[in-house]
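Q: quick one, fold the following:
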Amino acid sequence: MDPQPKREMLQPQGRLTWSILAASAVVAVTVVTGWLAIRYVESEWQRDLRNWQVRLGIVSDSRYAAINGWLDGQLRTLSALAENPSLQLYATQISLAPTDDESLSIIDSQTEYIRNLLEASALQSGFAGGAASTVKANLPPSGTAGIALLNAGGEMVVGSSSLPPLAGPLRDFVTSLKPGEVQIRDLYKNSAGQPSMAFAIPVFAVQGSLGPDAQIGTIIGVKEVAAEMFPLLRQPGEISETAAATLIRRDGNVIEYLTPLRDGTPPLTLRMAADTAELDAIFATDSPGGFGQRRDHRGNSVLVTGRRFDSVPWTLMYTIERNEALADAEIRLRRFVAAVLFAVCFLAALLVAAWRHFNLRQARQSAGRLQGLADEIDHQRQLLRLVTDSQPTAVFILDEQGSYRFANRQAAAEANATADDMLGKSIAHVRGADVAKRYLALNKQALESGKVVEDLHRLEGTDGVQVIQSEHIPIAAAAGRSAGVLVVENDVTAAVAERERRARTLGDIVKTLVGVVDSRDPFAAHHSTRVAALSRAIAAEMNLGEREIGTAETAGSLLNFGKVLVAPELLTKTGELSEADRAKVRQSVQTSAALLQGIDFDGPVVETLRQAQAHWDGSGFPQDLAGEQILLTARIVGVANAFVGMVSRRAYREALDVDKAMELLLGQVGKAFDRRVVAALVSYLDNHGGRSHWAVKPSGPTAAAAD
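A: Now for the predicted structure:
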């Protein structure tokens, strides 16, 4: 038999065999690849869940600490009142005083002092609101918040003007108080329908024991908490749309939602049955510190964790909707699966195309075009990298999801990675969640505003503090490319250090100038230093920023610098000063501003000096300034200067004691002085150790040595 026909007969059989082998290979590759893809998807899914567990735990701990800190802050404020020696002494005397007319007169003055103290503390600490009249023991209170002193029998002695009636939940709370214990009235709705809380601190006699039998009264503080406490549940910098922290409490078989919900539900209105299937609030209360996937009150699937409080029967529940939390992971994994399927199909196409010359030729042509495009893209990327790698700054581009599109050599070095490895990865994966949160927030701000956003950030490292300045430049979306942000970082540590060195030098100059003034007026020596210290204390008590605190302190230091142009004999003159002499001394403050006009201070120091003699009612100098028109720092320096002058000995008079000085200052509230500044001074003196520091010292050589 001719072998040629035999070969022709075998060719179709061989082609069929190779086809079967090729098909078998495709099926095998598909099965193996599918199994590996499923394993990879599962592991990535679990990794994303662990990442969210860590993230929710960090935020929950942060909001838990914020709420706990707020509760502790309320108790500290009231404890400072309860431990005030004057209040303890007067409360003791009131409880023991006879009922004759002379004793009643003394009790009235003592009660008035306590009332003023409670008013100042309520105004300073937020225990104030909607007052109708001053609260005395024989008048019904009205308002929504306030502070009161109760006697040992639970009856009110005196309260601030805005104190609500001690009725209903408040009366039940007062009746249930245990002697000698600090107690908190849980969240409830007041008469105005607003969430409120009450706090109770026992008051003991001065130098007495701290046992229940030694308690002479109770400080009660009541306030509406929505404006202060509810904002603490919002995590600063949180960019998730559905993330929410909620306070809940369990009352038997009911879960009560204490704070507003993201869907607009008001506080203290929603109650859910404890047997609701898969309810996130049940998981949070039963498993504090745990992490799980449950459903919220609307039935939406959420990730949830919780933290339980010790001092109140609350649980902090932190949730985020599962669709938002895991959206990126689902998209990424779907893309991965799609890529795997594409790869399998592409492989099958290649195997099939091996039998088809035309398809093979098309594949080669397509590969050539793709290679050309890839070469062009690579050329552009290499050019960009060549330019940016020559710069000492870190340069990188993030897309809207926070994934790297480009990174230069310096950016890769800071991330301890190579530039190629960073491409396509999220900044959270490369730099960590904390760093990513700051960058993503700034990038979002740049994209939304369409403008360059600048930021200055301090980093603590083993080599000290490093100051990084970053610019976030929005990049508009283009064909086939979504929007992104170009980030340029500069290390400005040296420049910031130089600026701080200049600030220290300026401070040394200020001290030198103050020393010159002190040397010319021995009776007012250290006056400027004391005014500066008190100005800083008042500004800090008002929770001002560091720039405003520094401005008040520097202006206080330089307040009397203009006295270098006042005759020494006038500064040391004994006896009462004439009006002309007083005018010369008062004019020295404006002289201080004029002499310091050209100095570049870090804040409006010169303008503060110009306005330091302005009065709240417009009667001071300059005469065209009144009320809020006066710089806050100038109002602070004015009060500090007046107080220091009163409690200091002068050539023509002895020093006043602290109580007398405060009486004079309070008499000028609304006239010469701002009520808020004087209230801050009262709080500093009575609640933060200021009274003992500013007590009048004995005159003579001993006083000079002490000063």
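Q: looks to me like residue 162 is in a strand.
A: No. Counting by DSSP: H, G, I helix; E, B strand; the rest coil, residue 162 is not found in a strand; it is coil.
Q: got a pLDDT number for it?
A: If you check residue 162, the pLDDT there is 88.
Q: same check on residue 107?
A: 81.
Q: and the helix or strand where it lies, how far out from the chain's middle?
A: Per DSSP states H and E: residue 107 is located in helix 101-125. With C-alpha atoms, centre = their mean, to the nearest Å as the basis, helix 101-125 stands 35 Å off its chain's centre.
Q: what residues does it touch?
A: 74, 77, 80-81, 84, 86-87, 90-91, 93-94, 97, 127-128, 134-137, 145-149, 157-162, 541, 666, 675-676, 679-680, 682-683, 686-687 (C-beta atoms under 8 Å, 6 or more residues apart in numbering). All C-beta atoms are positioned from the backbone trio N, CA, C, and that covers glycine.
Q: domain ranges for the chain?
A: 83-229, 391-491, 497-706 (automatic domain parsing).
Q: closest one to residue 57 among the ones you listed?
A: domain 391-491 (11.4 Å; C-beta to C-beta).
Q: distance across the closest one, terminal residue to terminal residue?
A: 12 Å (C-alpha to C-alpha, to the nearest Å).
Q: off-centre distance for that domain?
A: 24 Å.
Q: could you do stretch 197-214 as well?
A: Worked out by C-alpha atoms, centre = their mean, stretch 197-214 lies 33 Å from the chain centre.
Q: same question for stretch 149-162.
A: 34 Å.
Q: give me the distance between the two termini of it.
A: 14 Å.
Q: one more: stretch 246-263?
A: 12 Å.
Q: go on, stretch 95-104?
A: End-to-end for stretch 95-104, by C-alpha to C-alpha: 12 Å.
Q: show me the contacts of helix 101-125 that map onto helices.
A: Among those, the members falling in helices (DSSP state H) are 74, 77, 80-81, 86-87, 90-91, 93-94, 541, 666, 675-676, 679-680, 682-683, 686-687.
Q: report the buried members of those residues.
A: 74, 77, 80-81, 87, 90-91, 94, 541, 666, 676, 679-680, 682-683, 686-687 (16 or more other C-beta atoms under 10 Å).
Q: and the most centrally placed residue in the chain, its phi and psi?
A: Nearest to the geometric centre of the chain sits residue 236, at 7.0 Å (C-alpha atoms, centre = their mean). Torsion angles at residue 236 (phi, psi; degrees, to the nearest 10) stand at phi -60, psi 130.
Q: distance check, it against residue 547.
A: From residue 236 across to residue 547, the span is 20 Å (C-beta to C-beta, to the nearest Å).
Q: mean pLDDT lowest where, among the domains of the chain?
A: Among the domains of the chain, domain 497-706 scores lowest, with a mean of 79.
Q: quick check: chain neighbours aside, which residue is closest to residue 252?
A: residue 274 (7.6 Å; C-beta to C-beta, 6 or more residues apart in numbering).
Q: wait, what's in contact with that neighbour?
A: By C-beta under 8 Å, 6+ apart, the neighbours of residue 274 are 250, 252, 253, 254, 255, 282.
Q: following the lengthiest strand in the chain, which helix or strand comes up?
A: If you go by DSSP state E, the chain has its longest strand at strand 464-475. For strand 464-475, the following helix or strand on the C-terminal side (DSSP H and E) is strand 484-491.
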